[in-house]
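A.B. asks: Can you look at this prediction? I've put the sequence above it.
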Amino acid sequence: GQNIDQPTEMTATEGAIVQINCTYQTSGFNGLFWYQQHAGEAPTFLSYNVLDGLEEKGRFSSFLSRSKGYSYLLLKELQMKDSASYLCAVRLSGAGSYQLTFGKGTKLSVIP
Amino acid sequence: EAGVTQFPSHSVIEKGQTVTLRCDPISGHDNLYWYRRVMGKEIKFLLHFVKESKQDESGMPNNRFLAERTGGTYSTLKVQPAELEDSGVYFCASRAGGFGLGGELFFGEGSRLTVL
């Protein structure tokens, strides 16, 4: 089966840096996504990695190591509005149906 | 530009009843997906439409679930008869273009279904 693990909850201080890890064991791999979801709202796209390395986008960066089945999302200069759930999702290779396999999400609480 | 919209936002029904959820994708998006999140679990794929055709329905849990996308615009997901384990949040997502390695899925806010 497919398995994606990420911490259930994390707490960090406003202005700090936080790293949310994601490990995966899947039957295929065609890219890893990070989504942000505020309570009661739609998940919104943050980043996409298909090759090893770091992708930087403003305060958010995402890293991928395919050989280790590992990714992390790095959030810098944390703001209160960053309090949300962060979902790691793997796109499985295959028919190209864009089926994503999600982790359970990491609930991040940013405190003053 | 309007995002992905879903209706209703919350539905409470009794076991054995029927519920129909609706999704309006972003205009022009050929790809439409249904996902579901059961309480305490991860978001799971249900099915994928390309225009009006079902491209992949491998995630549909059983034949009580029927998805349609007549005309290739909005989609409906009908649960009949509903069971307690069907409770959860049903997300719709859409994406432009054909198959590709990248691209962004745009999600709706979800329809919360509670079966009593």
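C.D. replies: Thanks, I have the structure now. What you see is a predicted model; the values in this text were computed from it and never measured. Numbers count the residues shown, from 1 in each chain, chains lettered A, B, ... in the order given.
A.B. asks: Only C-alpha atoms from now on, for both contacts and neighbour counts.
C.D. replies: Noted.
A.B. asks: Write out the residues of chain A neighbouring chain B.
C.D. replies: Residues of chain A lying close to chain B (Cα under 8 Å from any Cα of the partner chain) are A:30-31, A:40-45, A:48, A:96-105.
A.B. asks: Pull the number of nearby residues for A:R59.
C.D. replies: Residues lying near A:R59 (other Cα atoms under 10 Å in any protein chain shown) number 11.
A.B. asks: Chain B: strands as residue ranges?
C.D. replies: In chain B, the segments counted as strands under DSSP state E are B:5-7, B:10-13, B:19-24, B:31-37, B:43-50, B:53-56, B:65-68, B:75-79, B:88-95, B:106-107, B:111-115.
A.B. asks: pLDDT on the last one, on average?
C.D. replies: To tie it back to what came earlier, the one meant is strand B:111-115. In this model, strand B:111-115 has a mean pLDDT of 97.
A.B. asks: Quick one: distance of stretch A:2-17 to the chain centre.
C.D. replies: On the basis of Cα atoms, centre = their mean, to the nearest Å, the separation between the geometric centre of stretch A:2-17 and that of its chain is 9 Å.
A.B. asks: Please apply the same query to stretch B:71-82.
C.D. replies: Mean-position distance between stretch B:71-82 and its chain equals 8 Å (Cα atoms, centre = their mean).
A.B. asks: ok, now stretch B:4-17?
C.D. replies: With Cα atoms, centre = their mean as the basis, stretch B:4-17 stands 11 Å off its chain's centre.
A.B. asks: Alongside chain A, which residues does chain B contribute?
C.D. replies: Taking Cα under 8 Å from any Cα as the test, the list of chain B residues beside chain A reads B:40-45, B:48, B:55-56, B:99-102, B:104-110.
A.B. asks: In ChimeraX, how would I select the buried members of the residues of chain A next to chain B?
C.D. replies: Those of the residues of chain A next to chain B that count as buried under 16 or more other Cα atoms under 10 Å in any protein chain shown are selected in ChimeraX with:
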select /A:30,31,42,43,44,45,48,97,98,99,100,101,102,103,104,105
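A.B. asks: so who does residue 79 touch?
C.D. replies: You didn't pick a chain, so chain A it is. For A:Q79, the contacting residues are A:14-15, A:110, taking Cα atoms under 8 Å, 6 or more residues apart in numbering or on different chains as the criterion.
A.B. asks: I was thinking of chain B, sorry if that wasn't clear
C.D. replies: Remark: with contacts taken as Cα under 8 Å, 6+ apart, B:V79 is in contact with B:18-20, B:64-66.
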